[in-house]
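Q: Quick one, what's the 3D model for this:
(one chain, ligands or ions: 2)
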Amino acid sequence: MAKPISIEVYNPNGKYRVVSTKSMPGTRWINLLIEQDCRVEICTQKKTILSVEDIIALIGDKCDGVIGQLTEDWGETLFAALSRAGGKAFSNMAVGYNNVDVNAANKHGVAVGNTPGVLTETTAELAASLSLAAARRIVEADQFMRAGLYDGWLPHLFVGNLLKGQTVGVIGAGRIGSAYARMMVEGFKMNLIYYDLYQSTRLEKFVTAYGEFLKANGEQPVTWKRAASMDEVLREADVISLHPILDKTTYHLINKESLATMKKEAILVNCSRGPVVDEVALVEHLKQNPMFRVGLDVFEDEPYMKPGLADMKNAVVVPHIASASKWTREGMATLAALNVLGKIKGYPVWGDPNRVAPFLNENAPPPAASPSIVNAKALGLPVSKL
Ligand SMILES: NC(=O)C1=CN([C@@H]2O[C@H](COP(=O)(O)OP(=O)(O)OC[C@H]3O[C@@H](n4cnc5c(N)ncnc54)[C@H](O)[C@@H]3O)[C@@H](O)[C@H]2O)C=CC1
Ligand SMILES: O=C(O)C(=O)CO
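A: Ligands and ions are numbered 1, 2, ... in the order given. Got it, this is the predicted structure:
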């Protein structure tokens, strides 16, 4: 029998019961639910990662929808529990939903929401920050200063890599990968090589136009190339950033062999999901190649790091904060709440989950639609004509 869980309740007499497994930034998401007759229950348990049993206790006997987190295991057990409680909607407060078994949700007729778009630039900015931190050895240098070791300028002190004119490689040039590529190309005048299952025509056009602009101003133009294989990117790029989804095809995409393909002084950044990289192989590679550097936001066994990683001076590590800007996190909470609300109210699904701005405008009511439901087709949900 699961222990009772502490909660905070808003609008206790609301008709629909919506549970959020965590407190989320901002208040707009709560207000939007309350305005539509929802009783909102927020779990206040002091435990970072809730277990399946904890969430079953939160769902209880009657629950219309749940807003959950990427740390939770949303599989058959939870969707069965939600369905038994009369629930028809779940939303991750995340764009990635590798923690969700969508087939199990389909089986129980539960709509699964995610939060694309609102975190694209914020996440890309963190990937760019990690690229710079690794290239210019910022964390090592900061630690050196704080340790009182600086006793004067030296020609060899913390020499790193210049980005200008080098090649940035992007693996997974979707929303975030493309935004990161634009930042590195435009900001640092890097040439681009990318690998994705699909062509990114918009990104290619952007780099072409920027190259023409530079040329017209008497500067060296930037270039782009769509690689035929991932190995081509690994061989040619000086900085490689990983932005694919995590699924069977991308698990351990970066492993001992692929690391060996990369340049000895390359920089690898991962802001996608930890298991995209074989972290044991990475630690070994970092040990053997002190000039190879990484910037990691995500880890294979989050929240843990594989043994040895924390000791590596050539690794910059941060705790899965890529989407952590105030605007983005408040927007993610809003989109997640509206995904659940839309299904409860019987609204259609928004036609273009990449165009979420109308849901984020605080000065107007949001459209009567769920912003992004990943299994809309499987459940036969109607699509909004707005
Ligand atoms: N660290 C963090 O806090 C965050 C991490 N993420 C992660 O980033 C991922 C990407 O997000 P978006 O760019 O919004 O998604 P997206 O769906 O726009 O882009 C993913 C891209 O990966 C490509 N792809 C899929 N399989 C591939 C393969 N085997 N090889 C190469 N490319 C492949 C797809 O074709 C697509 O273009 C999310 O699924 C999530 O896991 C997203 C936001 C924040
Ligand atoms: O949205 C995601 O997928 C995250 O990892 C957190 O922003």
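Q: mind listing the strands for this protein?
A: 7-10, 16-20, 38-43, 65-68, 89-92, 111-113, 167-171, 191-195, 224-226, 239-242, 267-270, 293-296, 315-317 (DSSP state E).
Q: Confirm for me that residue 5 is in contact with residue 57.
A: Yes: between residue 5 and residue 57 there is a contact at 5.1 Å, judged by Cβ atoms under 8 Å. Glycine gets a C-beta too; all of them are placed from N, C-alpha and C.
Q: Run through the bridge partners of residue 267.
A: residue 239, residue 293 (DSSP bridges).
Q: from memory it sits against residue 239, does it?
A: Yes: with contact defined as Cβ under 8 Å, residue 267 and residue 239 form a contacting pair (4.5 Å).
Q: Identify the residue nearest residue 326 in space, chain neighbours excluded?
A: residue 25 (6.6 Å; Cβ to Cβ, 6 or more residues apart in numbering).
Q: just to revisit the earlier point, okay, and the common contacts of residue 267 and residue 239?
A: Jointly contacting residue 267 and residue 239 under the rule Cβ atoms under 8 Å, 6 or more residues apart in numbering are 131, 135.
Q: what residues does the stretch 151-300 of the chain put near ligand 1?
A: 171-177, 195-198, 243-246, 249-250, 271-273, 297-298 (Cβ under 6 Å from any ligand atom).
Q: what do you get if the cut-off is 5 Å, keeping everything else the same?
A: Within the stretch 151-300 of the chain, the positions lying close to ligand 1 (Cβ under 5 Å from any ligand atom) are 172, 174-176, 196-198, 244-245, 249-250, 271-273, 297.
Q: Of those, keep whichever come out buried.
A: Buried subset of these (neighbour count, 16 or more other Cβ atoms under 10 Å): 172, 174-176, 196, 244, 250, 271-273, 297.
Q: which two from these end up farthest apart in space?
A: Largest separation among those by Cβ to Cβ: 196 and 297, giving 20.0 Å.
Q: shouldn't residue 113 be in contact with residue 339?
A: Yes: with contacts counted by Cβ under 8 Å, residue 113 reaches residue 339, the gap being 2.7 Å.
Q: any residues in contact with both of the two?
A: In terms of Cβ under 8 Å, 6+ apart, residue 113 and residue 339 are both contacted by the residues 89, 91, 370-373.
Q: Please tell me how far stretch 259-279 is from the chain's geometric centre.
A: In terms of Cα atoms, centre = their mean, to the nearest Å, the centre of stretch 259-279 is set 17 Å apart from its chain centre.
Q: Can you tell me the closest non-neighbouring residue to residue 245?
A: Sequence neighbours aside, residue 96 is the residue nearest to residue 245 in space, at 6.5 Å (criterion: Cβ to Cβ, 6+ apart).
Q: picking up where we left off before, let me know the closest of the buried ones among the residues of the stretch 151-300 of the chain next to ligand 1 to ligand 2.
A: Of all those, ligand 2 sits closest to residue 273, with 7.4 Å by Cβ to the nearest ligand atom.
Q: Once you drop chain neighbours, what's closest to that closest one?
A: Using Cβ to Cβ, 6+ apart, the closest residue to residue 273 is residue 246 (3.7 Å).
Q: What of residue 95?
A: Spatial nearest neighbour of residue 95, chain neighbours left out: residue 116 (4.7 Å); criterion: Cβ to Cβ, 6+ apart.
Q: do the same with residue 102
A: Once flanking residues are discounted, residue 102 sits nearest to residue 375: 5.2 Å by Cβ to Cβ, 6+ apart.
Q: What distance do you get for that neighbour to ligand 2?
A: Distance, residue 375 to ligand 2, using Cβ to the nearest ligand atom, to the nearest Å: 17 Å.
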